[in-house]
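A predicted structure for the sequence below; I have some questions about it.
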Amino acid sequence: MSLCVDEGYYHDYDNLVNKGPYRGPKKPMHRYPLTSKRCADDVLVSKTLYDPAGTLSKKQQRRLKALPANEFQFNVPYSLNKYHRWETINPKSLLLNNAGSDREVLVINGVTSSPSTHTPDVIFRAHSVHMLEDDVLATIATSGRAKELAYFTAALRKRKELPKDEPESTRIQFNIVKADCVSSQSTGKSSRRKKRNANIMAKLQNDFGDYEQVSDECGYTVVLSFRSTITLGDFVSDDLSSDCDFVIVPRMSGETLPSQEDSSEKPALPELLDISQATNSHCIFEVFDIKLRQLKPFDLREKVTALVPTLVYGRCVVHWFDSTRVSISNQPLADTVFSVFFELRDNLQTLRIRCNTNTHYSGVAGRPALAQIVSKSRDFDTLFNKLMDFIWESRARQYEPPEGSSRLRSSVENFKPRVNSNTMAVTAKRCVEHDQMMFIKEQYSRGASFPDSETISSVKEENPLCCSCQSSVKTDLFPSLDGMICKDCVAAQVLHQIRLNHFPIQIPVVTFGDNSPLDLLHAILPVPLISTLVRMSFSHFHKQQNPEAALTHCPQCGISLIIDTPNEFKCCVCPDCKCHFCHICLWEPHWPLSCEEMEDWSQKWDEQYLTERFLLDEGERVLRIKCPCTFTFYVPESIAHGTYCPRKRCHYRFDKNGLMRSRTDLWWWYTARQRQIYIERDGKIEKCGMPTEPEYLSPKRVIRKEFAAICAEARNLRFNEKEREMFSDVVLKTTQIKPEQSNLVDTRRTVLLLVEHCTAWLYIHRDDSIVRDIKSLPSKLFHQLMNVERKIEDGKYEILADMEQLEKEVQKLISVFRKVLQQKQAENSITSSESDPETA
C-alpha cells in the first residue's frame, strides 16, 4: 500500500486531524456539519510500537522505525475518509501487508476521549483486537461497550498461555481510532447528543459492501451486523476453538472475559538489569562495503596469514568461520579490545569490513577519516595496515572512574597502601576480559555439537531468509541451528536474555571447528555489550565452581579482579596499583562498618572532620583558602598567618592582610626612597602579593565529641607523614629483618584503622545495650599506641615488646567485634522473620 508522500511525513497532528471552521466573521457556521456528524466520520489509523517491558533500546527502536517498507510511517495519523481508503484498508489487509514483519502485529479497533484533542497513538477504549494465527484472521472482541486495553491484554496472555512472570513481547500496533462522541461532549442537549444519523449509517454500510465480496473471494467469512455501534470488528469474523474464555466475533456470544479488577491474575513484571552504560557507549562499531573491483586482486587467506604476524599491537588471534569470513582480534589488555571482520559477499563481488572496538573517535580522527581510509585504499595490504593503525591510535589512554558516585575522586588518599592495613586485606588476582573469555568459552562449548563448514554453506544456499523473522529485506545473515538468522534477531534475543538475567544464555549463532559462538558475536554486538555478557557469564559459571569467590574491579586502575577466598573484612588489594578497597562497595576499607553504615557515617564525618582535625580552641574558626595555583587548603585561624600552600612546588603563603605572597614578594628589597614614601603615606610599608578572600568556617557538631575526638586523633596520626616516617626510622634501627619491619609498621596502621572505624561503629549503635560492655576497648587500644609514640619521642622505647603487646590487643579487639557482629546479625534475622511470617 503506497502512501501519500506529503501526508506520510506530516507531523502536525492537531492541524491534520482536527480540521474545523474558521471562527472569524467571514465564515458562516452553517456550512460546516455539526460536531456529532463530524465525529462519526472522524476515523483515523496510525502505526505505533508497543514495548511495555522496555526490552528494546533506543537504538533498536530507531532502527526498527527506520526500516524501509511500503507501510504506514510510525506515529503518523492517516484519515480513512481520504483517498477512498475505506475500500482497501481493513484489519485483514493491514495484517496481511505486514505478515513478513519480525514482530507481532495487532490491529486495535478503538475510540478516544475527545475528537478535537486526541492523539491516534493513544487508545482510550477498544472494541476489538485482530491478529493472524496461522494465516487465519482471529478477533477478540467485547460483547458490549468498549473496554480498557488491559482487558484485551489479559485475554491475549491467556490465549497464548504465557506465564505470569514473562514480560509482554514487543509488537507493532495499528490503531483504528474513532472519536467517542458521547464522552467528548459534556454540554448541549441530550437528545442531540444521543441521536443517530441514519445517512451516516447507510453510507458506512454501503462502503463495506465491496469488502464483503473481496473477503468471500479470499475464503474468509464476513458477517454484517446492523447494530447501533458499527466498528471494523463487526465485519470480520473467524472460527476458533470454542474452549476459549474470551469472546470471538461474531460478537453476540454472551461469554465474558475474566474481571479486569482481579489483581491476582495480573502478571508480575520481572526485574530487568540496567545495561544502559553498555548500550549508550559511543565506541567504534562500523560496517563498510567495498566493491572488489576497486582493489587489486588478492587471496584473503594468504593476505591475512601474511599480515597478522607483522602487527605490533600485541598478540592477535585469527578466527576463520568459513572460507569467506575471518576475524582478527587482540588478546584484550586492560584498556583496549578490538575485533575486525573481513567478509566476501555477493558471489565474491563485495568485501564487507566490520570494525568493533571499545575505543572512541577522537577530534582529529573521526568517522569521516575512517571512511576515507576504506574508500581510498586500492590494495588489501594498505587497507589492513591503515585500519589497524587507526584503531590502535584511538585507544583509551588512562582509566577514569565514573563521575558523581566515585568515592575515589573525593578521597583518593583513603585508598593508599601507606594508610591501610595489609593484615586485614587479601591480594586479589588479575582476571581481565581475555581470561574470562577463555573460561566461559569452555563452558558454552561443553556438550554442544556444531555443524561443519560444508553444512553451513549448504544452509546458506537453501535458506536465504532469516529463520526467525522471515524478512527478505535483511541480508546480513549468520548460521544458526534452524537455518540462517539475521543480525537484528540475534541481537534482540541475546539482549533480552541479558536484561532478564537468564544465564547461561542461549546464543542463536553456531560455528564450526575451534571457533566459539562468542567470537562470532563480535560481528553483531558492540564490544561494551560483549564485555557485559562475558563478565556476567563468568560470574555465573565461576560461582558454580567456587561459590565463595567474588568478582570485582579496581576503582583506581579499572582492572578486573577476582578473590577466591574473601576474608571477613571484605578488603582486598589490587596487584597492579596496590589500591586498598572494599570489594563490595569499592570504597576504602571500613570494617566493622557495613557498606550502608559507612556511607551514612561518611556523610556526617566528612563534614565535621574539616574542622575537627585541627583540635580548635573555644570559638576558633577554620579558614578555607584558595591559592593562586588553584589548590584549596584549610588552616586554623590562629596559625593561618604565614602558612604555606601544602601543594608541592608551590611557594605561596597566606598573609593575614588577605594576600597570597610568593617567595619573590617576601625577599624583594626596597630602596631608601621607597621606604620613605611608604612611611610618610600611612606609616607602613605596602605588601605585595595576590589578593584572596578566605572563607571562615565555624565548627559543626554533628557527631558527639566523645566519639569524634578519638576518630579525629586516630585519623590525624594515621595520615601524618612526619609521625609515620619517625616510626619507620625507629623500626629500621631496631631490626634488620624486612618481614619483621613490615609487620611492625603494619601493626601501627592496623591499630589506627581499627580505632577509627570501631569508634564509628560504636557511635552508630550507641543506643544498643550491647555497646556498653565494649565501648572503652577502642580508646584503650589507642592510648596504648600513644604511649608507644611518646616513648619513641623520648628515646626510651622497647619497640619489639610494645608492638607484640599491641598485636595481642588488636586480635582481642577483632575477636570481640566479630562476636558482636554475629550477635547483631542473628538479632536482625529474628526481627525480620517476626515481621514477615510468610517468609519464615
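Perfect, I can see it now.

any idea of the pLDDT on the most centrally placed residue in the chain?
Nearest to the geometric centre of the chain sits residue 276, at 2.6 Å (Cα atoms, centre = their mean). What the model reports for residue 276 is a pLDDT of 85.

try residue 794
81.

Now do the contacts for it.
Neighbouring residues of residue 794 by Cβ atoms under 8 Å, 6 or more residues apart in numbering: there are none. C-betas here are computed from N, CA, C, even on glycine.

what's the distance between it and residue 489?
79 Å (Cβ to Cβ, to the nearest Å).

can you check residue 651 too?
Using Cβ to Cβ, residue 651 is found at 66 Å from residue 489.

Comparing the two, which residue is more hemmed in?
Using other Cβ atoms under 10 Å, the more surrounded residue of residue 651 and residue 489 is residue 489, with 21 against 14.

Figure out the helix or strand that the more buried one lives in.
Residue 489 is part of helix 487-499, with elements assigned from DSSP states H and E.

Check which helices and strands the helix or strand that that helix is followed by sits against.
Downstream of helix 487-499, the first helix or strand assigned by DSSP H and E is helix 517-521. Applying 3 or more Cβ pairs under 8 Å, 6 or more residues apart in numbering; DSSP states H and E, one finds that helix 517-521 contacts strand 316-322, strand 325-330, helix 433-445, helix 527-545.

Give the rounded mean pLDDT of helix 517-521.
Mean predicted lDDT for helix 517-521 stands at 91.

Other residues contacting that helix?
Contacts for helix 517-521 (Cβ under 8 Å, 6+ apart): 319, 321, 327, 329, 437, 440-441, 444, 478, 490, 494, 507, 509-511, 530, 533-534.

Could you rerun that using 10 Å?
317, 319, 321, 325, 327, 329, 339, 341, 356, 437, 440-441, 444-445, 448, 450, 478-480, 490-491, 494, 506-511, 529-530, 533-534, 537 (Cβ atoms under 10 Å, 6 or more residues apart in numbering).

With stretch 816-835 instead?
Against stretch 816-835 from outside (Cβ under 10 Å, 6+ apart): 568, 591-592, 594, 754, 757-758, 761-762, 765, 768, 770-771, 773-774, 777-778, 839-840.

Now a ChimeraX select for only the buried ones of those.
Buried members of those can be picked out in ChimeraX with the line below, counting by 16 or more other Cβ atoms under 10 Å:
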select :591,592,594,754,757,758,761,762,774,777,778
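
From the contacts of stretch 816-835, which land in helices?
Those of the contacts of stretch 816-835 mapping onto helices are 754, 757, 758, 761, 762, 777, 778, per DSSP state H.

my guess is the last one contacts residue 709, does it?
Which is residue 778. No - contact criterion Cβ atoms under 10 Å: residue 778 and residue 709 do not qualify, at 12.0 Å.

got any residues that touch both of the two?
Shared contacts of residue 778 and residue 709, counting by Cβ under 10 Å, 6+ apart, come down to residue 759.

residue contacts, the residue nearest to the centre of the chain?
57, 58.

Check the gap between it and residue 499 for me.
Here residue 276 is placed at a distance of 10 Å from residue 499 (Cβ to Cβ).

again with residue 521
16 Å.

now residue 758
From residue 758 to residue 499 the distance is 42 Å (Cβ to Cβ).

Also residue 325?
Taking Cβ to Cβ, one finds residue 325 at 29 Å from residue 499.

Please apply the same query to residue 724.
From residue 724 to residue 499 the distance is 49 Å (Cβ to Cβ).

again, but for residue 530
15 Å.

average pLDDT across stretch 309-320?
If you average the pLDDT values across stretch 309-320, you get 81.

Any idea how far stretch 762-772 is from the middle of the chain?
39 Å (Cα atoms, centre = their mean, to the nearest Å).

I misspoke; the intended subject was stretch 713-729.
42 Å.

Can you select the buried ones from the contacts of helix 517-521 in ChimeraX?
The command below creates a ChimeraX selection of those among these that count as buried (16+ other Cβ under 10 Å):
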select :319,321,325,327,329,339,341,356,437,440,441,444,445,450,478,479,480,490,491,494,507,508,509,510,511,529,530,533,534,537
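
which residues of the stretch 201-350 of the chain score low on pLDDT?
For the stretch 201-350 of the chain, residues meeting the criterion pLDDT under 70 lie at 201-268, 312-314, 332-335.

Helices of that one, residue ranges please.
209-217, 276-279, 300-307 (DSSP state H, counting those that start in this stretch).

cool, the stretch 601-750 of the chain as well?
663-667, 672-682, 705-719, 721-734, 738-764.

same question, the stretch 51-200 of the chain
Using DSSP H, counting those that start in this stretch, helices in the stretch 51-200 of the chain cover 58-65, 91-97, 149-160, 181-184, 190-194, 198-207.

tell me the domain boundaries of this structure?
5-265, 276-393, 425-563, 617-698, 704-840 (automatic domain parsing).

what packs against the helix holding residue 489?
helix 58-65, helix 276-279, strand 477-480, helix 517-521, helix 527-545 (3 or more Cβ pairs under 10 Å, 6 or more residues apart in numbering; DSSP states H and E).

the longest helix in the protein is where?
helix 799-835.

show me the contacts for residue 554.
334, 399, 401, 408, 415, 428, 430, 560-561, 572-579, 581, 583, 586.

Just the buried ones from these?
334, 401, 408, 415, 428, 560-561, 572-574, 578-579, 581, 583, 586.

Mind checking which of the residues you listed land in strands?
560, 561, 572, 573, 581 (DSSP state E).

Residue 535 is in contact with the second one, correct?
This points to residue 561. No - with contacts counted by Cβ under 10 Å, residue 561 stays clear of residue 535, the gap being 11.8 Å.

Next, show the common contact partners of these two.
431, 551, 553.

residues contacting the closest residue to residue 503 other than its chain neighbours?
Among residues not flanking residue 503 along the chain, residue 540 sits closest, at 4.1 Å (Cβ to Cβ, 6 or more residues apart in numbering). Listed by Cβ under 10 Å, 6+ apart, the contact partners of residue 540 are 440, 443, 501, 502, 503, 504, 505.

any idea of the pLDDT on residue 540?
91.

and of the shared contacts of residue 561 and residue 535, the nearest to residue 515?
When the shared contacts of residue 561 and residue 535 are compared for distance to residue 515 (Cβ to Cβ), residue 431 wins out at 23.2 Å.

you'd agree the closest one is up against residue 574?
No - look at residue 431 against residue 574 with Cβ under 10 Å: they stay out of range, at 11.7 Å.

anything in contact with each of these two?
552, 553, 559, 561.

gap between the third one and residue 765?
Right, residue 559. 36 Å.

coming back round to it: right, so of the helices of the stretch 601-750 of the chain, which gets closest to residue 129?
It's helix 738-764; of the helices of the stretch 601-750 of the chain, that one is closest to residue 129 (Cβ to Cβ) at 56.4 Å.

chain center to the closest one: distance?
Using Cα atoms, centre = their mean, the offset of helix 738-764 from its chain centre is 38 Å.

Which residues belonging to it are considered buried?
Going by 16+ other Cβ under 10 Å, helix 738-764 has these buried residues: 743-764.

do the same with stretch 467-477
467, 468, 469, 471, 474, 476, 477.

Would you map the strands across the stretch 51-200 of the chain?
78-79, 104-112, 125-133, 136-141, 171-179 (DSSP state E, counting those that start in this stretch).

For the third one, name the packing helices and strands.
So the one you mean is strand 125-133. For strand 125-133, the packing partners by 3+ Cβ pairs under 10 Å, 6+ apart come out as helix 91-97, strand 104-112, strand 136-141, helix 149-160, strand 171-179.

hmm, back to that, by neighbours, which of the contacts of residue 540 wins?
residue 440 (23 neighbours).
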